[in-house]
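Trainee: quick one, fold the following:
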Amino acid sequence: MSRIAALLVLGICFVITACRRSPSASLNLPPPPSRAEVWAAIQPQATRYHIEPSFIYALVAVESDFLPSAQQGEARGLLQLKPAAWQAVADTAYEPNVWDWRRNLETGIDYLAYLRSALYRKGKFSYPLWAASFYYGYDFVEARDFDLRRISPPGHPVAQALWRGELAPLPPPR
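Mentor: Below is the predicted model:
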């Protein structure tokens, strides 16, 4: 019986801790956007930078599964931006702005344009390398001489499609 009570107490503590650490709870953020809202928000930025919107939409699926509260290590939000990526293109503070899904998406697309320029300057641009640079980081890809054979694709099926050069591996919402 004492084991059950101890497990119950540990479970309650875990839930309380998780709720306290939830950015949406601590920052009073609105509920997550629908996929249609994310798709609509991608359009102006995609047009601005001449990026295929389906490519961006697929990256959101791979990075966060459309959850603006997604967090992996120091990566945050819809496009799982890290502080260094944010600082490379944004003039606003990383925290708490990274949790605003619209700002995260806009800054992530700004960062995509930044990466594309860096790849073009090296004469190495391709959509698969662009996706790899976003997913793993430009320095990681450069350290492997921009050779996709030296970079393992993520296990996510949409990421694997991006690695094959598909620009629209995930249908947008209707």
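Trainee: right, and L148 touches S133 too?
Mentor: No. Taking contacts as Cβ atoms under 8 Å, L148 lies outside contact range of S133: 10.7 Å. Yep, even glycine has a C-beta here, placed from its N, CA and C like the rest.
Trainee: of those two, who's got more company?
Mentor: In terms of neighbours (other Cβ atoms under 10 Å), S133 is the more surrounded of L148 and S133; the figures are 25 against 15.
Trainee: and the more buried one, how close does it get to E166?
Mentor: From S133 across to E166, the span is 17 Å (Cβ to Cβ, to the nearest Å).
Trainee: next one: R144
Mentor: From R144 to E166 the distance is 22 Å (Cβ to Cβ).
Trainee: okay, those two: which has more neighbours?
Mentor: A direct count of neighbours by other Cβ under 10 Å for R144 and E166 places E166 higher, at 17 against 14.
Trainee: for the residue minimising distance to the centre of the chain, which residues are in contact?
Mentor: For the chain, L79 is the residue whose C-alpha lies nearest the centre (Cα atoms, centre = their mean; 1.9 Å). By Cβ atoms under 8 Å, 6 or more residues apart in numbering, the contact set of L79 is 59-60, 63-64, 104-105, 107-109, 111, 134.
Trainee: so it sits in a helix?
Mentor: No. Checked against DSSP: H, G, I helix; E, B strand; the rest coil, L79 lies outside a helix; its state is coil.
Trainee: right, and the helix or strand after the helix or strand in which A113 is found?
Mentor: Per DSSP states H and E, A113 falls inside helix 101-121. Downstream of helix 101-121, the next assigned helix or strand under DSSP H and E is helix 127-136.
Trainee: so where's the chain uncertain?
Mentor: Within the chain, the ranges that satisfy pLDDT under 70 run 1-29.
Trainee: okay, strands next: where are they in it?
Mentor: Under the criterion DSSP state E, the chain contains strands at 71-72, 75-76.
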